[in-house]
Structures are given as C-alpha cells and as structure tokens.
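Visitor: I'd like to go over a predicted model; first the sequence, then the structure.
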Amino acid sequence: MNLAPTALILVPTRELCQQVCSEANSLIELCRVQLRLVQLTSSMSVSELRTTLAGPPEIVVSTPACIQTCLKNGIIQAKAVQDSLSILILDEADLLLSYGYEDDLKALTSHVPRRCQCLLMSATSSSDVEKLKKLILHNPYILTLPEVGDTKDDIIPKNVQQFYISCAARDKLVHILALLKLELVQKKVLIFTNSIDMSFRLKLFFEQFGIKSAVLNAELPQSSRLHILEEFNAGLFDYLIATDESQSDGKEQVDDQNGSERKKSKKHRKHKLDAEFGVVRGIDFKNVYTVINFEMPQTAAGYVHRIGRTGRAYNTGASVSLVSAEETEIFEEIKSLLGENDDKVSQFIAPFPLLSKNAVESLRYRAEDVARSVTKIAVRESRAQDLRNEILNSEKLKAHFQDNPKDLDLLKHDKMLSKKAPAPHLRDVPDYLVDPTTQEASKIVKLARAAMGNTNASRGKGSKGRFKKSRDPLKTFSAEAPKRAGKGGMKRKAKDADNGHKYKKKHSS
C-alpha cells in the first residue's frame, strides 16, 4: 500500500494550481481506473492538509511550498515519497525558482527516487530552467513543440498578429479609448498594466465612457480572483485589466548586502505574495482575441508571455502595444528578440494600421477632461472599495460555490467603482467625431467578428440569466397599464371619437 502520492504536479501559482486540477479531473473521468486527485493550497491549515492527504490520493497538484510544509510537519513521510512517487511534473519550470521556491524544491528533490519519471515544462528556456534540469533531471530528452505551421525558432505563433502604436505616455488613455470605443480591436480583450494603481485608473477612466471592465490583481482574495477568471472565460464581460506587477518587480534585488532585517522581511513577504498570484503565465484565458499592452513589460520575455494569452489552441489573435518614448529601449529589445531584417525593421511587429490621427484627436478633449477627474485620491479610494467588496464577496463565494459551482453570475466584478455617475453623452461617440477612414476600419473589424461568430461574446450566459430575471412575474408585475399600450389606446379612442363626431355632423347636415 502506498503511503504517499504516486504523481506530484508542481506549479508556481494558486491560479494555475486550480486550473491544472480542473483539467486533470476532466481527464480522470475518462479513465477506467478510479483515481483520486487533490489540490493543496497555502491557505490550508496543517490539520486540513493532513485530512486532504489521508488515503493517500494518487495525484496531488500543489505549489512547492505546500509540499515542503507537508514534509516538515510529517504529513508526508520522506521514506514514503521514496517508495511511492513515480511521476514528478514541474509546470512553468522557469517560474518556480523566480517565485522563491528554490529551497522548497531542493528539500523535495533530495527525497525523489532516481526511478521516478520527471518532466519539466516551460514556454521559454532560461538559466533557471538549466538550474532545475541539473537539480532534478538525469540525462533528459528535450522535446520542442512548435505550433502547427511554425518553425522551432518562432517565438510568437504565426496566428498572432503583433502591432504597436507610438505615443506619448500622457496620450495612452486617449489611444486606448479610441481602440475600444471605435471598436477597432476584436473582443474579448486582455489589457496589461505594470501596477495595481494604473489598472484602477484605467477602470475608472473606462467607467465614465460606459465601458465595463474588471480588474485582476494580487490584492484580491483567491476565490474572487478565480471567480473573475471564470466570469471572463464565460464571456460575462469583454474587458479584463490585469496587472503583472509581481513579475515586473520580481527582478528587483536589495543592493545593500548588509541591509536591515526590515528590508529582508519585506523582501520575504514580497516573494510570498509572488508565489500566490500569477496571471501572465499558465492561466488558460478562453477566447481572448486581443492583448493590449497599455504599459510595456519590464523584459522581452515578459512580452512573449503576455502575448501568449491570445492565439491559443490554433485560434487567431492580435496584440497592440502602446509604446512611449520612455519605453523605447525595451521595445527595441523586444524587436531584436522577435527578429529584424537588415534595415532594422521588425518582420513580426508592425504599426497599427486602423487608427488614424484624426480619430485620436476627435476624442482628445473628452478623454483629457475625464482623465483629469481620475485623481490619485479617486484611485486610492476605488482600490480600497474594490478590496472591501471582494473580501465580502469572497466569504459569500466560499459557501455558495461549494453547492453551486456553475452559478457564475451571482456576483458582478465589473460593477462601477466611481462615485461619479458617467455623463450620458460620453457613452456614445457621435458620428461627426468619427472620420470616414476609422469608420471603414471599424466596419471591417465588425465584419471579421461576425465571420468568426464573435458577435455576442459577452452575452453568453449573462444575457440568458438577465432574460430569465426579466420574465419573473413577481418582478415584472405592475398594477399600471403598460405605457405603450396606454398611449395606443388613447390614440384609438381619440380617433374613434373624432370619427363619431364626423359621422353625426354628416347625418345632421
């Protein structure tokens, strides 16, 4: 009898842990042999971990830190691992070390038997991957799997078109407003920022123009983050603003080797936060047609991973990067990584062709007026309000989704945070502000969307639920007659009275 799991799948983040567990369960259902799979999270107490691993299960999905906790507390015996473990899988291998799991992995690998089959999977090769290979693998086979139609040297699949827009940093808001409001990009759209404050600034800005969006960041409770991902994947809203602040900050190191304990503890807490959240890597976003880099990533590798959120499973996709003068250096590094011809012109990333200068200038006054109202205080207040809402939602989610896992529409994550109601005239762009070139481009995008069957991407489950609500007789009952019928009735009565009057007048004469 095995006293430890037979297969162990290690991933760097909670979000990926949840997704791997979900996919693995769907595969297990097709197996003839009954297998039990469990997921371990850092929020579990020692007693909960002990209960979950009782049996033990055949497959465990976890972060390295949780496994180390189990070994340290004797929940999993080192001898049992040596006797039972047959398969060890490390997904997103290059992130496992950068997220601060090196010590946890070293503690585990000392107990992994040589007969155990070990698999390392990563979208990119790096020094961290090489370090892991030496730590875990013995004379490994290396398998490179390019997309269909691509060569092994293609960094971004050919089914993803890459564009950029050069603009000043202060003009990024008006440019992204033009892209979304004039419908020049395909939905659904994933928008990346480098900080949580900027993501909320974007959300507040969008709200004033009637654009619904949700924010995904490391501050939110885990259940809320997972629910936001599920709602977005189900098509309940079209725009998701994600921050990969943890990835961009992960490179930073303390320069002073003799720094205070306060700095060290702060750095330690930061690594813990990094290990809990990850949105750029591994997460399987469903039907994302466009990725927008509102702020450029800190590294060229970060760009590759962001763009990898679209064009999945052989679907077409596109990316649009807003590049300011301050971001020219990293942009040149990205172009060099992707490949350039002899004239230093990128063969893979081109200027965005559908947005004209006139279209941007026509929206400038409105955009700048609204941008001035999105102050640092407004961002701070909305950020605190969103966190309070999600903490409350998280408690409700825990209880509700245990019994109703498919009820995604219980809580809205795209609701307004701004205290100021959006002005009605900002919701629509009047025809006189749209130049003919942009109008034609918008028509082309709409036709392409219709051809792909993407006309109602955000209406999937949400509209069905709302339709059912409107048919509830207790909610729609009114003692008053419907206005339209009333007006029609009044018109008919007036007409009949008028006809009767004419008839009497005719006969009396």
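Guide: Looks like it came in fine.
Visitor: What segments of the chain are strands?
Guide: Along the chain, the segments classed as strands by DSSP state E run 7-10, 37-39, 59-62, 87-91, 117-121, 160-166, 189-193, 213-216, 239-243, 290-293, 317-323, 349-351.
Visitor: List of residues touching the second one?
Guide: Outside of strand 37-39, the residues that reach it under the criterion Cβ atoms under 8 Å, 6 or more residues apart in numbering are 17-18, 21, 24-25, 28, 52-53, 57-62. All C-beta spots, glycine's among them, are computed from the backbone N, C-alpha and C.
Visitor: In the chain, what helix or strand scores lowest on average pLDDT?
Guide: In the chain, no helix or strand scores lower on mean pLDDT, DSSP states H and E than helix 261-276, which sits at a mean of 40.
Visitor: Surely Gln18 is in contact with Arg225?
Guide: No. Contact criterion Cβ atoms under 8 Å: Gln18 and Arg225 do not qualify, at 9.2 Å.
Visitor: more crowded one of these two?
Guide: Arg225 (25 against 21; other Cβ atoms under 10 Å).
Visitor: Determine which two of the contacts of strand 37-39 are furthest apart.
Guide: Maximum pairwise distance among the contacts of strand 37-39 (Cβ to Cβ): 19.0 Å, between Gln18 and Glu58.
Visitor: For stretch 97-104, which residues meet the burial criterion?
Guide: Using 16 or more other Cβ atoms under 10 Å as the test for burial, stretch 97-104 gives Leu97, Ser98, Tyr99, Gly100, Tyr101, Glu102, Asp104.
Visitor: Specify which member of those is nearest to Leu240.
Guide: Out of the buried residues of stretch 97-104, the member with the shortest distance to Leu240 (by Cβ to Cβ) is Tyr99, at 22.3 Å.
Visitor: That closest one and Leu322, how far apart?
Guide: Distance from Tyr99 to Leu322, counting by Cβ to Cβ, to the nearest Å: 28 Å.
Visitor: what's the answer for Ala300, then?
Guide: Per Cβ to Cβ, Ala300 is found 17 Å from Leu322.
Visitor: Ok, Lys158 next?
Guide: From Lys158 to Leu322 the distance is 23 Å (Cβ to Cβ).
Visitor: Isn't Val302 up against Asp244?
Guide: For the record, residue 302 is Gly, not Val. Yes. At 7.1 Å, Gly302 and Asp244 qualify as touching, with contact defined as Cβ under 8 Å.
Visitor: Look at the two and report which has more neighbours.
Guide: Asp244 (26 against 23).
Visitor: So what's the residue count around Ser199?
Guide: With other Cβ under 10 Å as criterion, Ser199 counts 27.
Visitor: Could you verify my assumption that it touches Ala242?
Guide: Yes. The pair Ser199 / Ala242 is scored as a contact, 7.4 Å apart, by Cβ under 8 Å.
Visitor: Mutual contacts of those two, please.
Guide: Thr193, Val215, Asn217.
Visitor: Closest one of those residues to His111?
Guide: Asn217 (35.8 Å).
Visitor: how many other residues sit next to that closest one?
Guide: By other Cβ under 10 Å, neighbour count at Asn217 equals 24.
Visitor: Could you pull up phi and psi at it?
Guide: phi -150, psi 170 (degrees, to the nearest 10).
Visitor: just Asn159 next, same as before
Guide: Torsion angles, degrees, to the nearest 10, at Asn159: phi -80, psi 0.
Visitor: Ala313 is in contact with that one, correct?
Guide: No. Using Cβ under 8 Å, Asn159 is not in contact with Ala313; the gap is 9.9 Å.
Visitor: Out of those two, name the residue with the larger neighbour count.
Guide: Applying other Cβ under 10 Å to Asn159 and Ala313 shows that Asn159 carries more neighbours, namely 18 against 9.
Visitor: Now a PyMOL select for only the buried ones of the contacts of strand 37-39.
Guide: The PyMOL command for the buried members of the contacts of strand 37-39 (criterion: 16+ other Cβ under 10 Å) is given here:
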select buried, resi 17+18+21+24+52+53+57+58+59+60+61+62
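Visitor: quick one: which of the contacts of strand 37-39 sit in helices?
Guide: The members of the contacts of strand 37-39 that map onto helices under DSSP state H are Cys17, Gln18, Cys21, Ala24, Asn25, Ile28, Thr52.
Visitor: Show the contacting residues for the residue nearest to the first one when sequence neighbours are not counted.
Guide: For Cys17, the nearest residue in space outside its immediate sequence neighbours is Val11; the separation is 5.1 Å by Cβ to Cβ, 6 or more residues apart in numbering. Contacts here follow Cβ under 8 Å, 6+ apart; on that basis Val11 touches Cys17, Val20, Val61, Ser62, Thr63, Asp91, Glu92, Gly282.
Visitor: any chance of those residues in CSV, with distance to Thr109 too?
Guide: As requested, the contacts of Val11 are exported to CSV (distance: Cβ to Cβ, whole Å):
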residue, distance to Thr109
Cys17, 20
Val20, 20
Val61, 18
Ser62, 15
Thr63, 15
Asp91, 16
Glu92, 17
Gly282, 21
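Visitor: Just the closest of those residues to Ala169, please.
Guide: Gly282 (30.1 Å).
Visitor: any idea how far the nearest residue to Ser213 once chain neighbours are set aside is from Asp94?
Guide: Nearest in space to Ser213, with sequence neighbours left out and distances taken as Cβ to Cβ, 6+ apart, is Tyr239 at 3.9 Å. Using Cβ to Cβ, we find Tyr239 at a distance of 29 Å from Asp94.
Visitor: So between the two, which is more surrounded?
Guide: The residue with more neighbours, out of Tyr239 and Asp94, is Asp94; 25 against 22, by other Cβ under 10 Å.
Visitor: in the stretch 251-400 of the chain, which ranges drop under the pLDDT threshold?
Guide: Residues of the stretch 251-400 of the chain meeting the criterion pLDDT under 70: 251-283, 340-347, 386-400.
Visitor: where along it do the helices fall?
Guide: Using DSSP state H, counting those that start in this stretch, the helices of the stretch 251-400 of the chain run over 261-276, 300-307, 328-338, 357-373, 376-403.
Visitor: Would you mind listing the outside residues contacting the shortest one?
Guide: So that's helix 300-307. By Cβ under 8 Å, 6+ apart, the residues outside helix 300-307 that reach it are 123-124, 126, 155-156, 160, 162, 192, 244, 247-248, 280-281, 291, 293, 296-297, 319, 321, 330, 333-334, 336-337.
Visitor: Could you export stretch 60-68 as PDB, CA atoms only?
Guide: Coordinates of each C-alpha in stretch 60-68 appear next as PDB, following Å, rounded to 0.1, in the frame of the first residue of the first chain:
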ATOM      1  CA  VAL A  60      -1.500  15.800  -5.900                       C
ATOM      2  CA  VAL A  61      -1.500  19.300  -7.500                       C
ATOM      3  CA  SER A  62       0.300  21.800  -5.400                       C
ATOM      4  CA  THR A  63       2.900  24.600  -5.100                       C
ATOM      5  CA  PRO A  64       6.300  23.500  -3.800                       C
ATOM      6  CA  ALA A  65       5.800  25.500  -0.600                       C
ATOM      7  CA  CYS A  66       2.800  23.300   0.400                       C
ATOM      8  CA  ILE A  67       4.700  20.100  -0.200                       C
ATOM      9  CA  GLN A  68       7.500  21.400   1.900                       C
END
